[in-house]
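Enquirer: take this sequence and fold it.
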Amino acid sequence: MMTTNKITKFQNAVLNWYDQFGRKDLPWQQMIEPYKIWLSEIMLQQTQVTTVIPYFDKFIEYFPTVNELAHANIDIVLSLWAGLGYYARARNLHKTAKIIMAEYDGKFPNTVDELIKLPGIGRSTAGAIVATAFQQRAAILDGNVKRVLTRYFAIEGWPGKPDIDNQLWELAEQLTPRQRVRDYTQAMMDLGATVCTRSKPNCNQCPLQSKCLGFQTDNPTQFPNNKPKKAMPVKSAIMLVIKNKNNAILLRKRPPTGIWGGLWSLPEFETIDAMHAWLTQTNIQIKQPESIIAFRHTFSHYHLDIEVYQVDNVIFNMIADDDAVWVEPEQLDNYGKSAAVEKILNIVGARTSLAR
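Expert: Coordinates of the predicted model:
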C-alpha cells in the first residue's frame, strides 16, 4: 500500500506533465460525449492512435450517433472497419449500439459495473469511458498503463498472469485521483504511448524518472517481462478469385464467429484437391485455375500461409450457395473484407478504396 504522500506526488507529476505535453486535440476529445469516447476506446484496443484517427473520422461521418450505428447494416459497419483487424470489435460495437438503444433509451450507462455487461467492453475500457466521458473516478489498465506501472515499480513477471494483473489493478486503483480524473486517464495513456514506449523509452522526458525503479536498473525495457514464448503454429489455405464475364468477383460470407467472422471473403479451401472438387461440383467448364500469389498472413496466435488461384470468364449465374454473391468492382467497398482479402483483390486489379 502506497502512502498518501507518494500517491499525491505521482498524480501531480503525471498531471503537470500532461498540462505541458499531453495530447488534447484528438478527434474524440472535441465535444466529448459517451458515444465518441466508447467508439474511440474500442478502436484503440491493440491499435495505435495514428492508425485509429482516420477510421474514427470515417466512422463518425457515417454514423454520427449511436442510434444510426444501431440501425446500420452490419456489412457497412464491417466494411468501414476493414484493415483495423480484430473484427469481433466491430461486431460487438454493432451489438452494443442496439442494446444501448433498446435497453438504455440511447444513453450510455455511467458505471463500470453496468458497462462491462455490454459486448466488447472490459474493465479497462469501461473505466476509460467512465473517467473520460463522465469524469467519475475509475481506473484503467490498458497496455500503455501496464508498461508505465511495471517499470515504475519494477514489477517482475508477465502482466498476463492473474497475480501480476491483480497487483497492477490494485496500483492503478490507488493512483487514480478523484479530481481531474479525465486528464489523468489521458495522461497515463499518453505517457505510455509517447514517452515510456516499448522499445526506446525517452526516460529523460519522463516526469516519473526520479522515482522509477525500472530506470534505476539501467534497463527499463526489461519491464514488463515478456510472455513466455511458444512456437507459432502455421496453417495453410487456398483462396480462389473467380471472375465472371462482367469482371464481377464471387464473394462468400464467412460464419458469424471465428476468424474474420461475418466478413465477406473469397472461396476458401484447405487443399488444392478440395478446390478442384468444389469446381467440379459446379459443373462449369472453365480453364485450369492459375496460381497467382502466395503469402503469409499472421494473426495474434498463428500464421496462415495463403496460396491464391484465379479463374476468369465463368458464366454469370454460378453461385455456390446462399451466402455467395457476385460483386461488381465498383461495389466492392460496400462489403466488409479482411486485410488479406483486400490485398488479394488489389493484386488482381479489383477496385477497392478501403485498403488504407
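Enquirer: from now on I want contacts and neighbour counts done on CA atoms only, so please keep to that.
Expert: Will do.
Enquirer: low-confidence regions, the stretch 101-250 of the chain specifically.
Expert: By pLDDT under 70, the stretch 101-250 of the chain has no low-scoring segment.
Enquirer: can you give me the strands for it?
Expert: 234-244, 249-253 (DSSP state E, counting those that start in this stretch).
Enquirer: now the first one - C-alpha only, CSV.
Expert: Okay, so that is strand 234-244. Extracted as CSV, the C-alpha positions of strand 234-244 are listed here (Å, rounded to 0.1, in the frame of the first residue of the first chain):
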residue,chain,number,x,y,z
VAL,A,234,1.4,-22.5,-39.1
LYS,A,235,-1.9,-23.2,-41.0
SER,A,236,-2.5,-23.1,-44.7
ALA,A,237,-5.4,-22.2,-47.0
ILE,A,238,-6.2,-21.9,-50.7
MET,A,239,-8.2,-18.9,-51.8
LEU,A,240,-9.8,-18.7,-55.2
VAL,A,241,-10.5,-15.5,-57.1
ILE,A,242,-13.4,-16.2,-59.5
LYS,A,243,-14.4,-13.5,-62.1
ASN,A,244,-17.4,-13.7,-64.4
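Enquirer: output the contacting helices and strands for it.
Expert: Helices and strands touching strand 234-244, by 3 or more CA pairs under 8 Å, 6 or more residues apart in numbering; DSSP states H and E, are strand 249-253, strand 268-269, helix 272-281, strand 303-314.
Enquirer: switch the cut-off to 10 Å
Expert: Applying 3 or more CA pairs under 10 Å, 6 or more residues apart in numbering; DSSP states H and E, one finds that strand 234-244 contacts strand 249-253, strand 264-265, strand 268-269, helix 272-281, strand 290-298, strand 303-314, strand 324-327, helix 339-347.
Enquirer: list the buried residues in it.
Expert: Buried residues in strand 234-244, counted by 16 or more other CA atoms under 10 Å: A237, I238, M239, L240, V241, I242, K243, N244.
Enquirer: go ahead and confirm the first one touches L266.
Expert: The one in question is A237. No: using CA atoms under 10 Å, A237 makes no contact with L266, being 11.1 Å away.
Enquirer: find residues that contact each of these two.
Expert: Counting by CA atoms under 10 Å, 6 or more residues apart in numbering, the contacts common to A237 and L266 are V308.
Enquirer: so how many other residues sit close to M275?
Expert: 18 (other CA atoms under 10 Å).
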